[in-house]
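J.: The following block contains a protein sequence and its predicted model.
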Amino acid sequence: MVPMSPPVSGLAGEATANVLAGTLKDSTVTLAHPAFDKTRASQALEVSIHIGLAFLLVAACLLILLPFIPLIAWGIIIAVAAYPGFERLQKLMGGRGVLAAVLFTLTLLAVLILPVYLLADSLIGGVQAVTAHVKSGAAIVPPPPPGIAGWPLIGAPLAKMWFLASRDLTALLTEFAPQIKGVLPGVLSATAGLGATVLQLLLSIVVSGVILANAQAAYELTRSLANRLFGERGPEFQELVGSTIRSVTFGIIGVAFIQSASATLGFLVVGLPAVGLWAVIFLIAAVLQFGAVVLVPAVIYVFVTASTTKAVIFLIWCVIVALMDNVLKPILLGRGAAVPIAVVFLGAIGGFVAMGIIGLFVGAIVLSVGYKLFLAWLGGNSAKDAESLATGA
């Protein structure tokens, strides 16, 4: 007798049917996956192409603008630093921004061109005088003082070379001809670089004038960029960038220019040879916060070649020039965001290596701005909190 199937067999059949239906459903979904993946892959490929094209466009634009980046950066820095004064000038001229920008640009060009012309004239005059003395056979270098041979370490060789130069400069130049040939290309390259730097400064002043003539549009552009990058805190960061640029420009670079002008005046009064070269070296050292070091050999030279009274007066003047930054920096730096000297020093050195002489100024300011923005981002507070952090640093 065949046993009867249990009553649950109907349930098992129903379960089997459900499993088959689920399998069919799953197979239907699986069949839909390839089309779905193909759509996503197409969209991802399209987005990647757009990103790649945008990247190539940005890279091409940067490559085209690369020779002008120091020029544009310095022009923006001048415009931002000078904007408060330009705004007052614009009000005095009845709100005529273009006319105020033209007058401001011409004034800055005159301030830069006049000292450059005077220094270049002094250099050319010195070279012409040396050439005339060589042709006439007259003594160019005065004989060394009697006491110089007694100086430790360097006294005897220095007195020997100095005495030879005072008797026969041509023989001294012939003796050191290999060393002079090795140094001469570097000197010529530095001279050409200095001329290019002056040209860049002139053009950057013109760029700053164009920016100031369109000050309102430039302000709105930077505000939009700050809002885009930093959201609601964009205005705070915009103000932070402006105050940092003005602080470093007036407190570091402005003081360096004032010290250089004062030192150059002293060089001219005492009759230091190659005043233009001394002035440029002192300006670079002053930006690097080592201006007083350059004054030491100048003071030694004056004590050796000039009268004691003249040398003492020059020494007192050099001490005043060296201490000038201790008085001016707190006044000028107090108007903006304080930046540690180490940041300025690293920015100046890095900028000089990357962009030449003009990088001394641009590098110090750009790194200072980046430092202040990093502090503000790191603290997660307002820009004023970042200023307090920097002051504490």
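T.: Sure thing, it's come through. Everything quoted here is computed from the prediction, not taken from an experiment.
J.: Put the alpha carbons of stretch 287-299 into CSV.
T.: Only the C-alpha atoms of stretch 287-299 are listed here, as CSV (Å, rounded to 0.1, in the frame of the first residue of the first chain):
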residue,chain,number,x,y,z
VAL,A,287,64.7,93.0,3.3
LEU,A,288,66.5,89.9,4.7
GLN,A,289,66.8,91.8,8.1
PHE,A,290,70.6,91.9,7.9
GLY,A,291,71.1,95.5,6.7
ALA,A,292,73.4,96.4,9.6
VAL,A,293,76.0,93.8,8.4
VAL,A,294,76.5,95.6,5.1
LEU,A,295,77.3,98.8,7.0
VAL,A,296,80.3,97.3,8.8
PRO,A,297,82.7,97.1,5.8
ALA,A,298,81.6,100.6,4.7
VAL,A,299,82.4,102.0,8.2
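J.: buried set for it?
T.: Judged by neighbour count (16 or more other Cβ atoms under 10 Å), stretch 287-299 contains these buried residues: 287-289, 291-292, 294-295, 298-299. (C-beta placed from N, C-alpha, C; glycine too.)
J.: Repeat that for stretch 353-362.
T.: For stretch 353-362, by 16+ other Cβ under 10 Å, it's 355-362.
J.: Out of the residues you listed, name the ones that lie in helices.
T.: Those of these mapping onto helices are 355, 359-362, per DSSP state H.
J.: Now render the residues you listed as a markdown table, adding distance to Ala342.
T.: Formatted as a markdown table, the entries for these read as follows, by distance: Cβ to Cβ, whole Å:
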| residue | distance to Ala342 |
| --- | --- |
| Met355 | 20 |
| Gly359 | 17 |
| Leu360 | 16 |
| Phe361 | 17 |
| Val362 | 18 |
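J.: could I get the buried residues of stretch 287-299 as JSON lines with pLDDT, distance to Gly266 and secondary structure?
T.: Shown next, in JSON lines, are these (pLDDT from 0 to 100; distance: Cβ to Cβ, whole Å; DSSP: H, G, I helix; E, B strand; the rest coil):
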{"residue": "Val287", "pLDDT": "81", "distance to Gly266": "19", "secondary structure": "helix"}
{"residue": "Leu288", "pLDDT": "78", "distance to Gly266": "20", "secondary structure": "coil"}
{"residue": "Gln289", "pLDDT": "78", "distance to Gly266": "20", "secondary structure": "coil"}
{"residue": "Gly291", "pLDDT": "83", "distance to Gly266": "12", "secondary structure": "helix"}
{"residue": "Ala292", "pLDDT": "85", "distance to Gly266": "13", "secondary structure": "helix"}
{"residue": "Val294", "pLDDT": "87", "distance to Gly266": "12", "secondary structure": "helix"}
{"residue": "Leu295", "pLDDT": "89", "distance to Gly266": "9", "secondary structure": "helix"}
{"residue": "Ala298", "pLDDT": "88", "distance to Gly266": "8", "secondary structure": "helix"}
{"residue": "Val299", "pLDDT": "88", "distance to Gly266": "10", "secondary structure": "helix"}
